[in-house]
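Trainee: no sequence for this one, just the structure:
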């Protein structure tokens, strides 16, 4: 009997489309390598986390931290998952208006409690939205950045399928 494919769960939140485009690009990359699922942060629950073998967290940086909807996902799932997903791999992709490091650090601190292990350097896409109008506008992620997201999804799913992570 063949083993079940290792599942990559891509949990995302986006308000203006940048992080969503990044998550979708990662899913396209993962699709040819193994079982991957795209899940909005507001719909993610502990059952889905337990079923997955690895996690890609994708969100925008808002006011120097991860978006509220992504934080709410972690608030809702953090304590029920303690001790249940230790050692599983994760990666992050942040859509930022400038820096992105605040959201990256915040996610890193949270998943440290879950004892997840990072398998790729954090991917931060700086969309340089600095004015109120640019911040609120729908985002277009450059093709080169989407390719980096695609590659991250592809390599993560392939690593899971090969048992590297």
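Mentor: Thanks, I have it. The structure presented is a predicted model; accordingly, all values stated were derived computationally and were not measured. Numbers count the residues shown, from 1 in each chain.
Trainee: contacts and neighbour counts: CA atoms only from here.
Mentor: Will do.
Trainee: how far does the biggest helix by length in the chain sit from its chain's centre?
Mentor: Across the chain, the longest stretch assigned as helix under DSSP state H is helix 143-161. Here helix 143-161 is found 11 Å from its chain centre; the criterion is CA atoms, centre = their mean, to the nearest Å.
Trainee: contacting residues around that helix?
Mentor: 5-8, 21-23, 25-36, 53-54, 93, 119-120, 123, 125, 165 (CA atoms under 8 Å, 6 or more residues apart in numbering).
Trainee: what subset of these is buried?
Mentor: Among the contacts of helix 143-161, those buried by neighbour count (16 or more other CA atoms under 10 Å) are 5-8, 21-23, 25-31, 33-36, 53-54, 93, 119, 123, 125, 165.
Trainee: I'd like to know which helix or strand in this structure has the lowest mean pLDDT.
Mentor: helix 132-136 (a mean of 88; mean pLDDT, DSSP states H and E).
Trainee: next, the buried residues of that one.
Mentor: Neighbour-count burial for helix 132-136 flags residue 135 (criterion: 16+ other CA under 10 Å).
Trainee: cool, and stretch 100-110?
Mentor: Neighbour-count burial for stretch 100-110, with 16+ other CA under 10 Å as criterion, is recorded at 100-104, 107-108.
Trainee: turn those residues into a markdown table, columns for secondary structure, distance to residue 132 and pLDDT.
Mentor: Rendered in a markdown table, the data for the buried residues of stretch 100-110 read as follows (DSSP: H, G, I helix; E, B strand; the rest coil; distance: CA to CA, whole Å; pLDDT from 0 to 100):
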| residue | secondary structure | distance to residue 132 | pLDDT |
| --- | --- | --- | --- |
| 100 | coil | 17 | 93 |
| 101 | helix | 20 | 95 |
| 102 | helix | 19 | 95 |
| 103 | helix | 19 | 96 |
| 104 | helix | 22 | 96 |
| 107 | helix | 25 | 97 |
| 108 | helix | 28 | 96 |
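Trainee: and the residue nearest the centre of the protein?
Mentor: To find the centre residue of the chain, average its C-alpha atoms and take the closest one (CA atoms, centre = their mean): that gives residue 57, at 1.7 Å.
Trainee: okay, and the beta partners of that one?
Mentor: Using DSSP bridges, the bridge partners assigned to residue 57 are residue 11, residue 92.
Trainee: pLDDT at it, what is it?
Mentor: The model reports residue 57 with a pLDDT of 98.
Trainee: list the contacts for it?
Mentor: By CA under 8 Å, 6+ apart, the neighbours of residue 57 are 10-12, 90-93.
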